[in-house]
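Colleague: 3D, please:
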Amino acid sequence: MTTDNISVMNNLPILYSLRNCPYAMRARIAVFKSKQPIELRDIVLSNKPDEMLLVSPKGTVPVLVLDKKVPTVIDESLDIMLWALKQSDPDDLLHNQQVNTGTNKLDEMLRLIAIFDQEFKTKLEAYRCAKRYHEDNITECRYACENHLKMIEERLNCHAFIMSDKESLADIALLPFIRQFARVERQWYLQAPYPKIRQWLNHYLQSPMFSKVMFKYPLWLDNDETVVFG
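Modeller: Coordinates of the predicted model:
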């Protein structure tokens, strides 16, 4: 490796990530879509790096360190997504090219994402716990989640993606959580009245992008290996 290459790698932003965490997952998807290179450090929550805790004491992932000398940190997944796509957005996931349509698509996306982050995620966790602990309210918990899924199914009945016929920030932000829902009661989900959601989700799960985003890298603390991602 040349001195120039080492210098470039040393100057890359650092993303601390947990492979199966939905928040970390959507941050990685946005970074991948932006083609913005970062240094990826995969961790496990039972063994959090001191370097991460020093810059983000709350100890959750994802954490993006933009400046190592005077740590500049973004430690909310949606903020990391917006940072990445504002650096580079080759697929126009922020829908900046639709600014003359008379509606602010980004504001609409952020409102929808907020509903899922603040409401759906809580209901999803209750549903997952009901299944895990064999509670007798699993149907009730699933029904609470379905109110949000119906909203997405209606949108997908109108166009190929959540906001329009173009992929957007909303699609990749909601993807990890709808994936989690689909895995709770797999047989029920496969027969549920959400064919458009199944089609939309399968489009992602079977894509080369998802395989790359979900690739299992060695844990950073185990080998201190530099992984360039994006």
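Colleague: quick check, K68 in contact with L12.
Modeller: No - here K68 does not reach L12: they are 9.5 Å apart, not a contact under Cβ atoms under 8 Å. Where C-beta positions appear, they are placed from N, C-alpha and C, glycine not excepted.
Colleague: gap between the most centrally placed residue in the chain and R179?
Modeller: Residue closest to the mean C-alpha point of the chain, counted by Cα atoms, centre = their mean, is R26 at 1.1 Å. The gap separating R26 from R179 is 10 Å, by Cβ to Cβ, to the nearest Å.
Colleague: ditto for Q118
Modeller: In terms of Cβ to Cβ, Q118 sits 19 Å off from R179.
Colleague: same question, A126
Modeller: Taking Cβ to Cβ, one finds A126 at 17 Å from R179.
Colleague: same check on P195?
Modeller: From P195 across to R179, the span is 17 Å (Cβ to Cβ).
Colleague: which one's more surrounded, these two?
Modeller: Neighbours were counted for P195 and for R179 using other Cβ atoms under 10 Å; R179 has more, 15 against 11.
Colleague: so where does the more buried one fall, helix or strand?
Modeller: helix 169-184 (DSSP states H and E).
Colleague: list the buried residues for the next helix or strand after that helix?
Modeller: Per DSSP H and E, the first helix or strand lying C-terminal to helix 169-184 is helix 186-191. Buried residues in helix 186-191, defined by neighbour count with 16 or more other Cβ atoms under 10 Å: Y189.
Colleague: which outside residues touch helix 186-191?
Modeller: For helix 186-191, contacts defined as Cβ atoms under 8 Å, 6 or more residues apart in numbering pick out R142, F181, A182, R183, R198.
Colleague: can you check stretch 165-181 too?
Modeller: Outside of stretch 165-181, the residues within contact range by Cβ under 8 Å, 6+ apart are 22-23, 25-26, 29-30, 33, 78, 81-82, 85, 91-95, 105-106, 109, 112-113, 116, 120-121, 124, 127-128, 145, 149, 152, 159, 161-163, 189, 197, 200-201, 204-205.
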